[in-house]
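Participant: Sharing a model prediction with you, sequence too.
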Protein chains: 2
Amino acid sequence: MSTIGKALALLDTLSRLDKEAGLTDIARLCTLDKATARRFLVELEKHGFVEQDADTRRYRIGSAPVRLARIREARFPFLRVAIPFIKALAESSTETVHLSEFSGEQLSTIHVEDSPRAHRIIVDVGSLLPFHATASGLAFLAFCPAAEIDKALKKPFEKFTEHTVVDPQLVRGLLDETRGRGFSISHQGLEAGVISTAAPIRTPSGRPIGCVAIAAPLSRTTKTAIHEFGVQAIAAANAISEKYYGSERPMGTIANIRRTD
Amino acid sequence: MSTIGKALALLDTLSRLDKEAGLTDIARLCTLDKATARRFLVELEKHGFVEQDADTRRYRIGSAPVRLARIREARFPFLRVAIPFIKALAESSTETVHLSEFSGEQLSTIHVEDSPRAHRIIVDVGSLLPFHATASGLAFLAFCPAAEIDKALKKPFEKFTEHTVVDPQLVRGLLDETRGRGFSISHQGLEAGVISTAAPIRTPSGRPIGCVAIAAPLSRTTKTAIHEFGVQAIAAANAISEKYYGSERPMGTIANIRRTD
DNA sequence: GCTTATGGTTCATTATTTGAACCTTAGCTT
DNA sequence: AAGCTAAGGTTCAAATAATGAACCATAAGC
């Protein structure tokens, strides 16, 4: 693995901790030598990606990502584009709707609109969505190129509930169903008592970048309702993609028709 | 320079462009070989720090910084803490007030509250603030350790207007005045017809992390008004620092008194 | 005041990065 | 449509930077 990759993985590890961490812990978590971890941290600190607390000597994410994020969002305001659609869907479905984005080899939650009901599903911003055990993960993977699906199916799957599907062949079946329907269903895959549906938000070339998902308590959700949620999730995901990338490609030429990724 | 440093500098360069850039341009701007630039971009893309447009093949900042920024801001909400104070100051002063943050060896604007007046100074979020030619830069540098001031004074200074002070000894004089007063004054240092004052926001150990600055048209600003703005900027900067770091250190021990940076 | 844990540093060894030259494709010119 | 140009992308021997075991320093725990 390249040095850059290792340093960015360190940054990622640091970001997933729920508190600031010391040098020894960081080195251990990243399976790096203490000296190496320190050199990475110093280098990252120089550029503002991490910060060391002067008193505790612990490290935390620095302010450089904040600057980059502002620039990215100013030019490419994904959240700003997507949130109105997520809100509308949460209102019409009266269930919790969440938005995920693929970043750094993983799918993570970037926005949540809670159901207005008292009995509702809680999803946290920042939470990771395993590909095999969540509606978002299945919807995302189903529309990825075949090579990436094969790659994902090779890794072992964690069993979160007694309903979690962990057999690669069965997961592949779920992906095929998802591709046929246009939306995925996760029946208590990550948490007991929760049923979810999700649809992928895709680039104009077809590659998924994230998902719109609706999560509801199993107890009050009928088969018809699930199907209706799925259809609505597809509509929202397509609407976001259209608004984000433009309904027609600007300066369209033959080049835009060709699939390049 | 380390590989990590070079890759992060590439990211920084990319972020400062006002549009997406191609491989050749990026390599040239970063003075890297095309092959090297490409390897960096691929590595950064793997981790979501850059994104390549499938059609144009140009690169832009990716979504990973957005994720990191959300985490950082959730734990360390500098902007959220500071904005109310900046807003209040813009209202009371009736001039444009901006907030800057030091990140990646540079001071850059992270928030602006416009003056309610028709004739007002425009400052852009993201703009860089040179140390010698802006009130923010002077206020920041003045309260840095002597070694860093010396280092900064060694680099050549750009002359932005006929009033820009570029002689290192004269700049040092401005820094001394700033330290004495507690706030800085930039008299048309970056742009003709603009006068600004700024005060540093500092960590409990005294190190500056950013500045609060007020920018006004020279034509309507008296010496008394400037002094008043300066005093108000100090008050706002201190209030932000206090709210951000806490008015008293939590779990205070002797260790907190010792200056460690 | 001894022990242990953590942050931080050194330098010979080792593995990664580097870049000139190369190939490939797209768009432009004649 | 052939030829030209410029940009993206790739290769591999040479050059350089990363690595980590052993080290020191400091502070908290017993």
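Facilitator: Here it is on my side, so go on.
Participant: Count the neighbours of the closest residue to A:Gly182 other than its chain neighbours for me.
Facilitator: In space, and not counting its chain neighbours, A:Gly182 is closest to A:Ile234: 5.0 Å by Cβ to Cβ, 6 or more residues apart in numbering or on different chains. Every residue, glycine included, has its C-beta placed from N, CA and C. By other Cβ atoms under 10 Å in any protein chain shown, the residues close to A:Ile234 number 19.
Participant: Show the contacting residues for A:Ile234.
Facilitator: A:Gly182, A:Phe183, A:Ala199 (Cβ atoms under 8 Å, 6 or more residues apart in numbering or on different chains).
Participant: Top of those residues by number of neighbours, please.
Facilitator: A:Ala199 (32 neighbours).
Participant: mind listing the helices for the stretch 1-150 of chain A?
Facilitator: For the stretch 1-150 of chain A, helices defined by DSSP state H, counting those that start in this stretch occupy the ranges A:3-16, A:23-29, A:34-46, A:64-75, A:78-93, A:135-142, A:146-154.
Participant: For those, give me CSV that also has distance to chain B, mean neighbour count and mean pLDDT.
Facilitator: Compiled in CSV, these are given as follows (distance: least, Cβ to the nearest Cβ, whole Å; neighbours: other Cβ atoms under 10 Å in any protein chain shown; pLDDT from 0 to 100):
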stretch, distance to chain B, mean neighbour count, mean pLDDT
helix A:3-16, 4, 20, 90
helix A:23-29, 15, 16, 90
helix A:34-46, 4, 18, 90
helix A:64-75, 3, 21, 83
helix A:78-93, 7, 18, 89
helix A:135-142, 14, 30, 96
helix A:146-154, 13, 12, 87
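Participant: just to revisit the earlier point, per-residue pLDDT, the residue nearest to A:Gly182?
Facilitator: Per-residue confidence at A:Ile234 stands at 95 (pLDDT).
Participant: secondary structure element for it?
Facilitator: Taking DSSP states H and E as the criterion, A:Ile234 maps to helix A:223-245.
Participant: With just CA atoms, put that helix into PDB.
Facilitator: Coordinates of the C-alpha atoms in helix A:223-245 are reproduced here as PDB (Å, rounded to 0.1, in the frame of the first residue of the first chain):
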ATOM      1  CA  LYS A 223     -46.100  -5.700   1.900                       C
ATOM      2  CA  THR A 224     -48.000  -3.100  -0.100                       C
ATOM      3  CA  ALA A 225     -46.600  -0.200   2.000                       C
ATOM      4  CA  ILE A 226     -43.000  -1.500   1.500                       C
ATOM      5  CA  HIS A 227     -43.600  -1.600  -2.200                       C
ATOM      6  CA  GLU A 228     -45.000   1.900  -2.200                       C
ATOM      7  CA  PHE A 229     -42.000   3.100  -0.200                       C
ATOM      8  CA  GLY A 230     -39.600   1.500  -2.700                       C
ATOM      9  CA  VAL A 231     -41.300   3.300  -5.600                       C
ATOM     10  CA  GLN A 232     -41.100   6.600  -3.700                       C
ATOM     11  CA  ALA A 233     -37.500   6.000  -2.900                       C
ATOM     12  CA  ILE A 234     -36.700   5.400  -6.600                       C
ATOM     13  CA  ALA A 235     -38.600   8.600  -7.500                       C
ATOM     14  CA  ALA A 236     -36.600  10.600  -4.900                       C
ATOM     15  CA  ALA A 237     -33.300   9.200  -5.900                       C
ATOM     16  CA  ASN A 238     -33.900   9.900  -9.500                       C
ATOM     17  CA  ALA A 239     -35.100  13.400  -8.700                       C
ATOM     18  CA  ILE A 240     -31.900  14.100  -6.700                       C
ATOM     19  CA  SER A 241     -29.700  12.800  -9.500                       C
ATOM     20  CA  GLU A 242     -31.400  14.900 -12.100                       C
ATOM     21  CA  LYS A 243     -31.200  18.000 -10.000                       C
ATOM     22  CA  TYR A 244     -27.600  17.300  -9.000                       C
ATOM     23  CA  TYR A 245     -26.200  16.500 -12.400                       C
END
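Participant: What are the buried residues along that helix?
Facilitator: A:225-226, A:229-230, A:232-234, A:236-241, A:244-245 (16 or more other Cβ atoms under 10 Å in any protein chain shown).
Participant: okay, and for the stretch 101-250 of chain A, where does confidence drop off?
Facilitator: For the stretch 101-250 of chain A, applying pLDDT under 70 flags the ranges A:204-205, A:245-250.
Participant: got the residue ranges for the strands in it?
Facilitator: A:106-113, A:184-187, A:194-202, A:208-217 (DSSP state E, counting those that start in this stretch).
Participant: Could you provide these in JSON lines, with additional columns for distance to chain B?
Facilitator: JSON lines is the format used below for those (distance: least, Cβ to the nearest Cβ, whole Å):
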{"stretch": "strand A:106-113", "distance to chain B": "7"}
{"stretch": "strand A:184-187", "distance to chain B": "22"}
{"stretch": "strand A:194-202", "distance to chain B": "11"}
{"stretch": "strand A:208-217", "distance to chain B": "8"}
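Participant: from those, which stretch is densest packed?
Facilitator: Sort the strands of the stretch 101-250 of chain A by mean neighbour count, taking mean count of other Cβ atoms under 10 Å in any protein chain shown, and strand A:194-202 sits at the top with a mean of 28.
Participant: Could you spell out the sheet neighbours of that one, each with its direction?
Facilitator: For strand A:194-202, the pairing partners within the sheet under DSSP bridges are strand A:184-187 (antiparallel), strand A:208-217 (antiparallel).
Participant: Between these, which one is closest to A:Leu89.
Facilitator: Closest approach to A:Leu89 among the strands paired with strand A:194-202 (Cβ to Cβ): strand A:208-217, 6.9 Å.
Participant: For that closest one, output the C-alpha coordinates as CSV.
Facilitator: Extracted as CSV, the C-alpha positions of strand A:208-217 are listed here (Å, rounded to 0.1, in the frame of the first residue of the first chain):
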residue,chain,number,x,y,z
PRO,A,208,-24.2,4.8,-7.8
ILE,A,209,-22.9,7.5,-5.5
GLY,A,210,-25.3,7.0,-2.6
CYS,A,211,-28.8,5.9,-1.6
VAL,A,212,-32.2,7.1,-0.4
ALA,A,213,-33.6,4.8,2.2
ILE,A,214,-36.8,4.5,4.2
ALA,A,215,-36.7,2.6,7.5
ALA,A,216,-39.9,1.6,9.3
PRO,A,217,-40.9,-0.6,12.3
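Participant: Now do it against helix A:223-245, angle only.
Facilitator: Relative orientation of strand A:208-217 and helix A:223-245, computed by axes from the mean of the first three to the mean of the last three Cα atoms, to 10 degrees: 150 degrees.
Participant: any idea of the angle strand A:208-217 forms with strand A:106-113?
Facilitator: Relative orientation of strand A:208-217 versus strand A:106-113 (the same axes, to 10 degrees): 50 degrees.
Participant: What residues does chain A have near DNA strand C?
Facilitator: With the criterion set to Cβ under 7 Å from any atom of the strand, chain A comes near DNA strand C through A:1-4, A:22-25, A:34-35, A:38, A:52, A:57-58, A:253, A:255, A:258.
Participant: Report how many residues lie close to A:Pro145.
Facilitator: Residue neighbour count, defined by other Cβ under 10 Å, stands at 12 for A:Pro145.
Participant: which residue packs closest to the closest residue to DNA strand C within chain A, ignoring adjacent ones?
Facilitator: In chain A, no residue comes nearer to DNA strand C than A:Gly22, which is 2.1 Å away by Cβ to the nearest atom of the strand. In space, A:Gly22 comes closest to A:Arg58 once its chain neighbours are excluded; the distance is 5.3 Å by Cβ to Cβ, 6+ apart.
Participant: I'd guessed the one you found sits against A:Leu17; true?
Facilitator: No - the pair A:Arg58 / A:Leu17 is not scored as a contact, 10.0 Å apart, by Cβ atoms under 8 Å.
Participant: thinking again about what came up before, can you list the strands of the stretch 101-250 of chain A in a markdown table and add distance to A:Ala133?
Facilitator: Rendered in a markdown table, the data for the strands of the stretch 101-250 of chain A read as follows (distance: least, Cβ to Cβ, whole Å):
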| stretch | distance to A:Ala133 |
| --- | --- |
| strand A:106-113 | 11 |
| strand A:184-187 | 7 |
| strand A:194-202 | 10 |
| strand A:208-217 | 13 |
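Participant: I'm done for today, thanks for sticking with me.
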